[in-house]
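S.K.: Dropping a prediction and its sequence here:
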Amino acid sequence: MVEQIFKLSRGNDKAVEKVIFDENVHYLHMVFNKEEGLPEHFSNSNVYMTVVRGTLSIGLDDQEVHEYEAGTLLKIPLQTKMNVKNMHTETLELIVVKAPAPNNAKH
């Protein structure tokens, strides 16, 4: 078998899954319920964030919080301050791709 197969959780429970974490790319699957999210942090690579379901509430650097619905892809540059939250009742599901993998990102 040439391909590798990875499974993502399919429920509504909070999850931050490191699906692929290799030297090329970091591919994460995240699920957050209302008032859940990530601690504020700075991006350690270029971040490509896809909203799969729900509504993402995200504050970047010193901007006001913006909201993005399912079907939206955000490209967030290296060293951007990020505040990722679900402020809505519907479950938020994200796919996050970091490329290049943070170990290979030029700081």
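M.R.: Ah, there it is. Numbers count the residues shown, from 1 in each chain.
S.K.: The most centrally placed residue in the chain: which element?
M.R.: What sits nearest the mean C-alpha location of the chain, by Cα atoms, centre = their mean, is Val96, with 3.6 Å. Assigned by DSSP states H and E, Val96 falls within strand 92-98.
S.K.: Against which helices or strands is that strand packed?
M.R.: strand 26-32, strand 47-53, strand 55-60 (3 or more Cβ pairs under 8 Å, 6 or more residues apart in numbering; DSSP states H and E). Backbone N, C-alpha and C define where each C-beta goes, glycine included.
S.K.: Partner strands of the last one, with direction?
M.R.: Each strand that pairs with strand 55-60, with its direction, by DSSP bridges: strand 66-69 (antiparallel), strand 81-85 (antiparallel).
S.K.: and those strands, which is most packed in?
M.R.: Greatest average neighbour count among the strands paired with strand 55-60 goes to strand 81-85 (a mean of 18), per mean count of other Cβ atoms under 10 Å.
S.K.: quick one on the thing from earlier: how far does the strand holding Val96 sit from its chain's centre?
M.R.: In terms of Cα atoms, centre = their mean, to the nearest Å, the centre of strand 92-98 is set 3 Å apart from its chain centre.
S.K.: ok, back up a step: looking at the helices and strands packed on strand 92-98, which is nearest to Thr72?
M.R.: strand 47-53 (4.7 Å; Cβ to Cβ).
S.K.: what's in contact with the closest one?
M.R.: With contact meaning Cβ atoms under 8 Å, 6 or more residues apart in numbering, strand 47-53 is reached by 56, 58, 68-76, 80, 82, 90-99.
S.K.: hang on, the earlier thing: JSON lines please, covering the strands paired with strand 55-60 and showing distance to Lys18 and mean pLDDT.
M.R.: What follows is the strands paired with strand 55-60, written out as JSON lines (distance: least, Cβ to Cβ, whole Å; pLDDT from 0 to 100):
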{"stretch": "strand 66-69", "distance to Lys18": "23", "mean pLDDT": "98"}
{"stretch": "strand 81-85", "distance to Lys18": "16", "mean pLDDT": "98"}
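S.K.: can these go into CSV with extra columns for distance to Leu38?
M.R.: As requested, these are arranged in CSV below (distance: least, Cβ to Cβ, whole Å):
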stretch, distance to Leu38
strand 66-69, 15
strand 81-85, 4
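S.K.: Alright, that wraps it up for me.
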